[in-house]
Structure formats: structure tokens, C-alpha cells
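Asker: Quick one, fold the following:
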Amino acid sequence: MRRVDEAIRQVLGDAVTGELKDPRVGFVTVTDVRTSADLRHARVYFSVLGDQGGASNALQRENTLEGLRHAHGYLQGRLASELRLKRTPTLEFSYDDTTDRALRVEELLEEVEGA
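Answerer: Okay, here's the model as predicted:
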């Protein structure tokens, strides 16, 4: 499954960065893919360059998510043509908040050092 997840991540990453013309989808990185065992569903985790928290970045994440959902059919078609899988999984997009959490931990550590 890890090889399938990585292959899907690679194809989607290339398609998102190079082929999507939707202005809502800016600098997006596909960070991880988790596919169900039966290959029916795949959760695609993404991050957006420049995310540092705040209201404007939350709006940017929502717009990006909307753009990715809109491109769902195209991206699923790319998967079907690039990968020879038994089934082409249905894609579900989720924001990856790992970077946000890491920045928060860093802030907390700086606060502790300063105190």
C-alpha cells in the first residue's frame, strides 16, 4: 500500500503543480496520500505555501480546497491514465496541519526560553 500511496502522491503532485490552471490552487504541495485497502478511497493531504496561521491564510486554505475539489474529476482521470490499478480511488482532500503544529511548538519553546 505504501508504494501505491507514493505513486498516487507523485502523480497528483505533478498534476497539481504543473497542470491545474485554477487560480484558487496556488502553491500547493501534496504531502501524503492514504489509500483504503480496497482502493476505493484515497485521502490526499496537502499544504499551501505561505501558511502561517491567521484569517487570510484560512481563507486561502479554503479556496485551495475548493479548487482541488473542483478539479477532482481531472485528477482522478490522470490517476487512471498514469497508474494501472484495479480501481481508481475516489479522492478526498484534507489540509495537512503538520506545519502549523510545528510552528506552534516552536513558538511555545521560544516562550519557555524567554521566561
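Asker: going forward, measure contacts between C-alpha atoms and count neighbours the same way
Answerer: Noted.
Asker: any idea of the mean pLDDT in the particular helix or strand that has residue 106 in it?
Answerer: Using DSSP states H and E, residue 106 sits within helix 98-114. For helix 98-114, the mean pLDDT works out to 87.
Asker: One more: stretch 29-48?
Answerer: Confidence for stretch 29-48, expressed as mean pLDDT, is 93.
Asker: Show me what counts as buried in it.
Answerer: 29-35, 39, 41-48 (16 or more other Cα atoms under 10 Å).
Asker: Tell me the gap between it and the middle of its chain.
Answerer: How far stretch 29-48 lies from its chain's middle: 8 Å, per Cα atoms, centre = their mean, to the nearest Å.
Asker: backbone phi and psi for residue 19, please?
Answerer: Per-residue torsions, residue 19: phi -120, psi -20 (degrees, to the nearest 10).
Asker: go on, residue 29?
Answerer: Main-chain torsions, residue 29, degrees, to the nearest 10: phi -120, psi 130.
Asker: ok, it touching residue 64?
Answerer: No: contact criterion Cα atoms under 8 Å: residue 29 and residue 64 do not qualify, at 11.0 Å.
Asker: most centrally placed residue in this protein?
Answerer: For the chain, the residue nearest the mean C-alpha position is residue 46 (1.8 Å; Cα atoms, centre = their mean).
Asker: Which residues are in contact with each of residue 29 and residue 64?
Answerer: Contact with both residue 29 and residue 64 is made by residues residue 48, according to Cα atoms under 8 Å, 6 or more residues apart in numbering.
Asker: Tell me which stretches of this structure form strands.
Answerer: Listed in chain order, the strands of the chain (DSSP state E) span 28-35, 41-48, 90-95.
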